[in-house]
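In: no sequence on this one, just coordinates:
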């Protein structure tokens, strides 16, 4: 089994587990740009003790090179409490915003892990001006 076989993918407009990647299609050469990755944009994903997104990882793969990890973001507050599930005082939201820069075109790859439904991924090509 290859790593590719571990990940599921679908259209984020109909599947709540697929990471949605938002950034410009063309980014300025060597300048920082904002990147947002979220889940459940069209179809809400629950964020409960029993069913939640545990983490999001973002990679950049240059068109002619090896992938680089951009960030690893963990979500660890899902309403857990000693009083019982979904009674805690804090909940995280499965959304990441970061800035990065590149001077080469490539692909941004986002991966997410749902504690019930496993591994999901999506990708977006970017160009450099």
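Out: Great, that's in hand. Computed from a predicted structure; not experimentally measured. Numbers count the residues shown, from 1 in each chain.
In: surely residue 5 is in a strand?
Out: No. Applying DSSP: H, G, I helix; E, B strand; the rest coil, one finds residue 5 to be helix, outside a strand.
In: got a pLDDT number for it?
Out: pLDDT for residue 5: 77.
In: distance-wise, check it relative to residue 28.
Out: According to C-beta to C-beta, to the nearest Å, residue 5 and residue 28 sit 36 Å apart. C-beta coordinates here come from the backbone N, C-alpha and C atoms, glycine included.
In: these two: which has the busier surroundings?
Out: More crowded of residue 5 and residue 28, by other C-beta atoms under 10 Å: residue 28, with 13 against 7.
In: give the rounded mean pLDDT of stretch 24-33.
Out: For stretch 24-33, mean pLDDT rounds to 97.
In: start and end of that stretch, how far apart?
Out: Stretch 24-33 has an end-to-end distance of 8 Å (C-alpha to C-alpha, to the nearest Å).
In: what does stretch 62-75 give?
Out: Span of stretch 62-75 from end to end, C-alpha to C-alpha: 28 Å.
In: fine by me, thanks again.
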